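A.B. asks: Fold the following for me, if possible:
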Amino acid sequence: MSNLLASLKEHSVVVADTGDFASIRKYQPRDATTNPSLLLKAATMPEYAELVASVVRDARAPSRSAAQALSFAMDRLAVAFGLEILKIVPGRVSTEVDARLSFDTQASVAKAEQLIGMYAEAGIARERILIKLAATWEGIEAARKLKASSIRCNLTLLFSFAQAVACAEAGVQLISPFVGRILDWHKKATGVAGFAPAEDPGVISVTRIYNYYKKFGHATEVMGASFRNKEEILELAGCDLLTISPALLEELQAAPGKLPRKLAPETAKATDLARLKLDEKSFRWLHNEDAMASEKLGEGIRAFAADCVKLEQFLAAKLAG
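C.D. replies: The predicted structure follows:
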């Protein structure tokens, strides 16, 4: 008997939103994504103690200062988890640039090149890596520059239509609109306990972006992310990719049934969406006009940055020990 996860894979590429290798093996996604929060959680799990210890040993080179060793360990840990994930998935892994660089284009480019270099040293082609950057104007510009070096990017913390349009115009490989966090904001702002799946603000946002991209021939891939319930996922069946947590993957796998496709290029082409052209000023204004997007982008960057600090503290203690 078919289950909803198997049926979903007929319409969308399923991606595992986790740093846990066992979960990735269990649900057999094509790709996997990580972020500072997921890496922090995974790095403190006993089953990955040896991987962390190996990273710490590599970082303790006599030629490195304490600050250099810590910086190296942070990058090496992200890549080490990525390398293990790539042994399991047939496709790509997303590895995130430090969120504290979200407003620095050149530093983001330099960090991305360092991460790609570490993967290259391990024999991994850059086609299998997506560099994750926050979808600030600076992050989008970094992705534009990296594309010129054939480095593909995943623009994350994406909440506004302006962010999505700017990413498409920059030729970004992939975007990750955060469905559940959009829902969270609207529930809090309206005092409504919940929305019907088709009326979920996060679902509506991703549907609009998908339709816009397909109508105007943008090659940028749309990957719905940050889901709060399986109903959000089902409403987006047909989206290019969907990155899903292990808990929701389990729900989908346990639920029998056949899933109809909800998003399709043919339907998108029939919409009445108008084409936008954005420069930096118009991007900043349109994004600023979206209170939800402005708040959630800032909040997301702060949260990822805080987890980067916690991960640094964790690794610094290991290096000192």
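
A.B. asks: all strands of the stretch 101-250 of the chain, in order?
C.D. replies: For the stretch 101-250 of the chain, strands defined by DSSP state E, counting those that start in this stretch occupy the ranges 129-134, 153-158, 174-177, 221-224, 241-244.

A.B. asks: Ile85 is in what secondary structure piece?
C.D. replies: Using DSSP states H and E, Ile85 sits within helix 66-86.

A.B. asks: Of all the residues in that helix, which ones are buried?
C.D. replies: Across helix 66-86, burial judged by 16 or more other CB atoms under 10 Å covers 69-86. C-betas here are computed from N, CA, C, even on glycine.

A.B. asks: That helix - what's its average pLDDT?
C.D. replies: Averaging pLDDT along helix 66-86 gives 97.

A.B. asks: Which strands or helices does the helix or strand following it pack on?
C.D. replies: Later in the chain than helix 66-86, the nearest helix or strand by DSSP H and E is strand 93-96. Judged by 3 or more CB pairs under 8 Å, 6 or more residues apart in numbering; DSSP states H and E, the packing partners of strand 93-96 are strand 31-33, helix 66-86, strand 129-134, strand 153-158.

A.B. asks: is it possible to export these to a markdown table including distance to Val55?
C.D. replies: Shown next, in a markdown table, are the helices and strands packed on strand 93-96 (distance: least, CB to CB, whole Å):
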| stretch | distance to Val55 |
| --- | --- |
| strand 31-33 | 19 |
| helix 66-86 | 5 |
| strand 129-134 | 18 |
| strand 153-158 | 23 |
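
A.B. asks: Ok, which of those comes nearest Ala143?
C.D. replies: With CB to CB as the criterion, Ala143 lies closest to strand 153-158 of the helices and strands packed on strand 93-96, at 3.9 Å.

A.B. asks: Please list the outside residues in contact with that closest one.
C.D. replies: Applying CB atoms under 8 Å, 6 or more residues apart in numbering, the contact partners of strand 153-158 are 33, 35, 94, 96, 112, 130-135, 139-140, 142-143, 146-147, 163-164, 167, 172-178, 223, 225, 296-297, 300-301, 304.

A.B. asks: show me the contacts for the nearest residue to Thr220 once chain neighbours are set aside.
C.D. replies: With sequence-adjacent residues excluded and distances taken as CB to CB, 6 or more residues apart in numbering, Thr220 is closest to Ala168, at 4.7 Å. Listed by CB under 8 Å, 6+ apart, the contact set of Ala168 reads Tyr212, Tyr213, Phe216, His218, Thr220.

A.B. asks: Any idea how many residues pack against the last one?
C.D. replies: Other residues near Thr220 come to 20 when the count uses other CB atoms under 10 Å.

A.B. asks: same check, this time on the first one
C.D. replies: Neighbours of Tyr212 under the rule other CB under 10 Å: 21.

A.B. asks: what does Phe21 give?
C.D. replies: Applying other CB under 10 Å, we find 19 residues neighbouring Phe21.

A.B. asks: Test my guess that it contacts Ile88.
C.D. replies: Yes: the criterion here is CB atoms under 8 Å, and Phe21 meets it with Ile88 at 6.3 Å.

A.B. asks: Distance of the residue nearest to Gly171 when sequence neighbours are not counted relative to Phe304?
C.D. replies: The shortest distance from Gly171 to any non-neighbouring residue, by CB to CB, 6+ apart, is to Lys147 (5.4 Å). As judged by CB to CB, to the nearest Å, Lys147 and Phe304 stand 23 Å apart.

A.B. asks: One more: Phe178?
C.D. replies: 12 Å.

A.B. asks: next one: Ser149
C.D. replies: 24 Å.

A.B. asks: Compare these two (neighbour count), which wins?
C.D. replies: Counting neighbours by other CB under 10 Å for Ser149 and for Phe304 shows that Phe304 has the greater number, 22 against 11.

A.B. asks: Now do the SS call for the more buried one.
C.D. replies: Recorded secondary structure, Phe304: helix (DSSP: H, G, I helix; E, B strand; the rest coil).

A.B. asks: which residues sit in contact with the nearest residue to it once chain neighbours are set aside?
C.D. replies: Once flanking residues are discounted, Phe304 sits nearest to Ala99: 3.7 Å by CB to CB, 6+ apart. Contact analysis of Ala99 by CB under 8 Å, 6+ apart lists Pro36, Ala134, Ile301, Phe304, Ala305, Cys308.

A.B. asks: Same check on Asp17?
C.D. replies: Shown in contact with Asp17 (CB under 8 Å, 6+ apart): Ala32, Thr33, Leu38, Ala225, Ser226, Thr243, Ile244, Ser245.

A.B. asks: swap the cut-off to 10 Å and go again
C.D. replies: Contacts of Asp17 were listed using CB atoms under 10 Å, 6 or more residues apart in numbering, and they are 23, 29, 32-35, 38, 94, 176, 223, 225-227, 242-246, 248-249.

A.B. asks: Show me what it bridges to in the sheet.
C.D. replies: Beta-bridge partners of Asp17, counted by DSSP bridges, are Thr33.
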